[in-house]
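>>> Can you look at this prediction? I've put the sequence above it.
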Amino acid sequence: MKRPVAVLLLAVLLLAAMVGCSMMGVVRFTWQEMWHSPIFWQLRMPRIVLSVMVGATLSVCGAAYQSVFRNPLTDPYVLGISSGASLGAAIAIIAGLQAYLWGIGSCALLTALLTVLFIYRIASIGNRMHTTTLLLTGVCLTFLITAVISFLMVLHHDKMESIIFWTMGSFASSSWFDVALVAPVTLAGVFMVLYHSKDLNLLLAGSETAQGLGVEVEKVKRRLLFFTTLMVAFAVSSCGVIGFVGLVVPHCVRLVTGPDNRRVVPYSIFVGGLFMLMCDTLARTVLQPSELPVGSLTALVGAPLFIYLLYKNKKRI
């Protein structure tokens, strides 16, 4: 199937799923009632739109990181972004800032960006960025920040449940304000990754090969890492930590379409958004009126699917 046709079909499928999922929940309404319902416009739709954007963000960033680092096990949280955001969220919860508009989100975004700036500073050598050092620093800092968060939870038992729930991810408090904050960064970042999708293919062959074929390797790496990191920081600050999406979705797309990032990246936008939408819908409907952390469902649904696809395609890997 040609790429434009496949993208169009995925877009139609995603829009249909968004409408269908908006009608599901504790309060159900008909097609006619839906358009006049405050629940639909103020609760369901911002949550659905945000979940789709976050799913697309994590998937596209995962595809970009796996090509830049030339490591199939790399995902959007490898740079310590999620752990940095978790630290800010934990501090905000302990300080009681959840009562203020985007109180937790703003702290999470600030610490996520500070964490990434710190990691970039360590990994930069002059005008060059050492990707291996970047990767290792992110992993080490993740363990360090996780230990600090555990220490904070021990000191503040009464806040432990709130901190744990945030670190497992949830779209329960989504609003149009969150959508307005995340959307511009997501659109700019996705456009940048799409623009450099051919360069990502060449980076997979190695920096020297890509340089010889006309790619400004260091400039492209810095640009992609800047935009993707910003995307993940804003996504995590709006909904908490949601793992596995950035690892699983690009791999699943790649196993079906091949390694060409000119196909992998656009398909990951819609497949990632659809995957996150389905997981969030399950999270809010399976045990209604209670709600499951969406991060646990992304791993529970994604891991078996990923293992199955790996088994079926092991000869191609």
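Nice, thanks for sending it over.
>>> which intervals of this protein have sub-threshold pLDDT?
1, 99, 101, 126-127, 309-310, 313-317 (pLDDT under 70).
>>> quick one: contacts for residue 29?
23, 37, 39-40 (Cβ atoms under 8 Å, 6 or more residues apart in numbering). Placement of C-beta: from N, CA and C, glycine included.
>>> On the three-state scheme, it is what?
coil (DSSP: H, G, I helix; E, B strand; the rest coil).
>>> re the thing from before, what's the closest of the contacts of residue 29 to residue 261?
residue 23 (35.5 Å; Cβ to Cβ).
>>> measure the residue lying closest to the closest one once chain neighbours are set aside to residue 123 for me?
Closest residue to residue 23 apart from its sequence neighbours, by Cβ to Cβ, 6 or more residues apart in numbering: residue 34 at 6.1 Å. From residue 34 across to residue 123, the span is 49 Å (Cβ to Cβ, to the nearest Å).
>>> Torsion angles phi and psi at the nearest residue to residue 289 once chain neighbours are set aside?
Leaving out its chain neighbours, the residue that sits closest to residue 289 by Cβ to Cβ, 6+ apart is residue 26, at 5.1 Å. For residue 26, the backbone dihedrals are phi -60, psi -40 (criterion: degrees, to the nearest 10).
>>> Counting neighbours, what do you get for residue 26?
Number of residues near residue 26 (other Cβ atoms under 10 Å) recorded here: 11.
>>> the strands in the chain, which residues?
124-125, 128-129 (DSSP state E).
>>> what comes into contact with the last one?
Applying Cβ under 8 Å, 6+ apart, the set of residues contacting strand 128-129 from outside is 120, 123, 218, 221-222, 225.
>>> in its sheet, what does that strand sit against?
Sheet pairing here is set by DSSP bridges, and for strand 128-129 it gives strand 124-125 (antiparallel).
>>> my read: residue 217 touches residue 207, true?
Yes - in this structure, residue 217 is within contact of residue 207 by Cβ atoms under 8 Å, at 4.9 Å.
>>> Those two - which one has more neighbours?
residue 217 (20 against 17).
>>> Let me see the contact set for the nearest residue in space to residue 236 that is not next to it in sequence.
Residue nearest to residue 236 in three dimensions, not counting chain neighbours: residue 85, with 4.2 Å by Cβ to Cβ, 6+ apart. Residues counted as contacts of residue 85 (Cβ under 8 Å, 6+ apart) are 108-109, 111-112, 115, 233, 236-237, 241.
>>> which one among these gets closest to residue 13?
residue 236 (26.4 Å).
>>> and the gap between that closest one and residue 133?
For residue 236, the distance to residue 133 - Cβ to Cβ - is 23 Å.
>>> more crowded one of those two?
Taking neighbours as other Cβ under 10 Å, residue 236 and residue 133 compare with residue 236 leading, 29 against 14.
>>> Give the buried residues for stretch 21-30.
Of all the residues in stretch 21-30, those buried under the rule 16 or more other Cβ atoms under 10 Å are 21-23, 25, 29.
>>> start to end distance for that stretch?
Length of stretch 21-30, first residue to last, Cα to Cα, to the nearest Å: 12 Å.
>>> please renumber so the chain begins at 785
Okay, using 785 as the starting number, the last item reads as stretch 805-814.
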